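J.: Return a 3D structure for these sequence lines:
(one chain, ligands or ions: 2)
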Amino acid sequence: MALERTISIIKPDAVAKNVIGEIYSRFEKAGLKVVAAKMKHLSRKEAEGFYAVHRERPFFNALVEFMTSGPVMIQVLEGEGAVLKNRELMGATNPKDAAPGTIRADFAESIDANAVHGSDSLENAAIEIAYFFSTTELCPR
Ligand code: RTP
Ligand code: MG
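T.: Ligands and ions are numbered 1, 2, ... in the order given. The predicted structure is shown next:
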């Protein structure tokens, strides 16, 4: 497996629940390193740009509304097979379908307020990292 980087976003519901540390702990136990991080209250423009691929989907407005409802914690994770590893830690989009022990099973309330975002491919990870971080903000070690 190759060393990869991916974006993780702890969404407003999980930030409000005060479980940033609990979620970081899962990354660390899975061998993923945080190499950049920032907390941010996204503007509507930032959220719309980030989720531009979902522009035509019926849930787009609700998604943007939710993602701008409070601060989010954005991090770049690095590790072997980081993209898939993070998706496995997250669990299914709808927490009702998420496997026990996954972040969404443990912390998410609904398909809208589902605790975390994770890049879904290596290609999208690179785009999403560049959306939120400059290269000088990445601290590999
Ligand atoms: P994410 O992008 O946030 O990591 O989640 P995901 O890949 O598991 O799901 P995706 O299909 O990319 O959808 C992005 C977010 O939109 C909301 N959603 N709502 N009501 C619905 O049918 C629906 N489908 C998706 C979810 O909050 C999802 O995380
Ligand atoms: Mg997605």
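J.: all contacts plus neighbour counts: C-alpha atoms, from now on.
T.: Will do.
J.: Buried residues, stretch 74-85. List them.
T.: I74, Q75, V76, L77, E78, G79, G81, A82, V83, L84, K85 (16 or more other CA atoms under 10 Å).
J.: Check the separation of the first and last residues in it.
T.: 17 Å (CA to CA, to the nearest Å).
J.: and G31, helix, strand or coil?
T.: Classification of G31 by DSSP: H, G, I helix; E, B strand; the rest coil places it in coil.
J.: For it, grab phi and psi.
T.: phi 80, psi 20 (degrees, to the nearest 10).
J.: Please apply the same query to the one 5 residues further on.
T.: Here the main-chain torsion angles of A36 (degrees, to the nearest 10) amount to phi -170, psi 150.
J.: Next up, the contacts around it.
T.: Listed by CA atoms under 8 Å, 6 or more residues apart in numbering, the contact set of A36 reads Q75, V76, L77, F133, E137, L138, C139.
J.: residue contacts, the fifth one?
T.: By CA under 8 Å, 6+ apart, the contact set of E137 is A36.
J.: ok, it to ligand 1 distance?
T.: 22 Å (CA to the nearest ligand atom, to the nearest Å).
J.: got it, and I10?
T.: 9 Å.
J.: Could you find the closest non-adjacent residue to that residue?
T.: V116 (4.6 Å; CA to CA, 6 or more residues apart in numbering).
J.: Next, count neighbours for that neighbour.
T.: 25 (other CA atoms under 10 Å).
J.: what's it sitting at in phi/psi?
T.: The phi/psi pair for V116 (degrees, to the nearest 10) is phi -140, psi 160.
J.: isn't it right up against D106?
T.: No: the criterion here is CA atoms under 8 Å, and V116 misses it with D106 at 11.4 Å.
J.: who does L3 bridge with?
T.: E80 (DSSP bridges).
J.: hang on, isn't it packed against E80?
T.: Yes: contact criterion CA under 8 Å: L3 and E80 qualify, at 4.3 Å.
J.: and the residue in the chain positioned nearest to ligand 1, what are its bridge partners?
T.: Nearest residue of the chain to ligand 1, counting by CA to the nearest ligand atom: H117, 3.2 Å away. With DSSP bridges applied, H117 shows beta-bridge pairing to I9.
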